[in-house]
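**Student:** my questions are about this predicted structure, shown below with the sequence.
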Protein chains: 2
Amino acid sequence: MRKLPDISLELCRYSHVLEIISNKWTALAIYAMEDGTIRYGEMKRRIEGISQKMLTQTLKQLERDGVANRKLIPSVPPITEYSLTPLGESLLPLMNMLKLWAVDHYDDVKKARDEYDVSR
Amino acid sequence: MRKLPDISLELCRYSHVLEIISNKWTALAIYAMEDGTIRYGEMKRRIEGISQKMLTQTLKQLERDGVANRKLIPSVPPITEYSLTPLGESLLPLMNMLKLWAVDHYDDVKKARDEYDVSR
DNA sequence: CAGTATCCCGTACGATACTG
DNA sequence: CAGTATCGTACGGGATACTG
């Protein structure tokens, strides 16, 4: 009897997290909200290299995913404040592990890549 | 004095991990090697929906990053065995946290998305 | 200030065919 | 069995200009 595939994108649920946090700027946006409420403009200033389009797009996705809160204060000029939801805060330990792994092991990755690349 | 950007892709090191594991099939390939050595063909059978091209490409990247070992046994027909390196194994706790978070919170994400989508 | 609206490009991914 | 090689496409992301 033939063995059926037992690893699928659906069942093995890594991708469900990765589709949330693996976009280029998402982790940085979450990081910017870690200490509490922050305005759009201040995020833009704090996140090096991000464009308005990408910041807006990233925040929209986070809002849609229930990770970030958007609070528009109608004034002229307008004020928009972003913060993490409880769901968003539940991501923080995960993000910290990602960072720790990178700090501990990324040099090994770089070394492995260099060795691999010269050997071809 | 103007505050400089204090969050950058370089310094905040999330992306260093994500660039390794955030490809579509990478996590599943790592998962397939979790229990030890596995042949190319068996991985192909176990990972639902993966093509030869994507499996080969994924494994090559993992080998280059120092995450997977490739052992070619020259016979006819050839046998190729893949396994995790120590560096690869150091990723497993991380992957498990990803999975746990997904199991615990992905329903909330789905709900948030549904609500967001109907409200526009 | 906090966004939209366009245009454009590289590349991740997929389908298919071929090979030592 | 374990790969290459080639072609095609969708989409993430960037540059730039405009707006309530």
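**Tutor:** On my side now, so go ahead.

**Student:** how about the most centrally placed residue in chain A, secondary structure?
**Tutor:** Against the mean C-alpha coordinate of chain A, by CA atoms, centre = their mean, the closest residue is residue A:27 at 2.5 Å. For residue A:27, the secondary-structure state derived from DSSP: H, G, I helix; E, B strand; the rest coil is helix.

**Student:** can you name the residue of chain A nearest to DNA strand C?
**Tutor:** Residue nearest to DNA strand C within chain A (CB to the nearest atom of the strand): residue A:41, separated by 2.5 Å. The C-beta positions use only the backbone N, C-alpha and C, and glycine is treated the same way.

**Student:** that residue: neighbour count?
**Tutor:** For residue A:41, the neighbour count with other CB atoms under 10 Å in any protein chain shown is 13.

**Student:** for the residue nearest to the centre of chain A, give its distance to residue B:17.
**Tutor:** Distance of residue A:27 to residue B:17, computed by CB to CB, to the nearest Å: 9 Å.

**Student:** so how many other residues sit close to residue A:105?
**Tutor:** Using other CB under 10 Å, residue A:105 has 20 other residues around it.

**Student:** so which strand or helix has it?
**Tutor:** helix A:92-118 (DSSP states H and E).

**Student:** wait, does that helix contact chain B?
**Tutor:** Yes. Helix A:92-118 is in contact with chain B by CB under 8 Å from any CB of the partner chain, via A:93-95, A:97-99, A:101-106, A:108-109, A:111-113, A:116-117.

**Student:** can you show me the strands along chain A?
**Tutor:** Secondary structure of chain A, counting by DSSP state E: strands at A:38-39, A:68-73, A:79-84.

**Student:** just those: most buried one?
**Tutor:** Most buried of the strands of chain A by mean neighbour count (mean count of other CB atoms under 10 Å in any protein chain shown) is strand A:79-84; its value is a mean of 18.

**Student:** and the angle for it with helix A:92-118?
**Tutor:** If you take axes from the mean of the first three to the mean of the last three CA atoms, to 10 degrees, strand A:79-84 sits at 80 degrees to helix A:92-118.

**Student:** so strand A:79-84 versus strand A:68-73, what angle?
**Tutor:** Note on geometry: by the same axes, to 10 degrees, strand A:79-84 and strand A:68-73 are set 160 degrees apart in direction.

**Student:** what helices or strands is strand A:79-84 leaning on?
**Tutor:** Other helices and strands packing on strand A:79-84, by 3 or more CB pairs under 8 Å, 6 or more residues apart in numbering or on different chains; DSSP states H and E, are helix A:26-33, strand A:38-39, helix A:40-46, strand A:68-73.

**Student:** parallel or antiparallel, which strands does it pair with?
**Tutor:** Here strand A:79-84 has these sheet partners by DSSP bridges: strand A:38-39 (antiparallel), strand A:68-73 (antiparallel).

**Student:** returning to that earlier point: quick one: common contacting residues for residue A:27 and residue B:17?
**Tutor:** Residues within reach of residue A:27 and of residue B:17 at once, by CB atoms under 8 Å, 6 or more residues apart in numbering or on different chains, are residue A:98.

**Student:** returning to that earlier point: would you turn the strands paired with strand A:79-84 into TSV with mean pLDDT and distance to residue B:56?
**Tutor:** Output for those, formatted as TSV (pLDDT from 0 to 100; distance: least, CB to CB, whole Å):
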stretch	mean pLDDT	distance to residue B:56
strand A:38-39	98	44
strand A:68-73	98	38
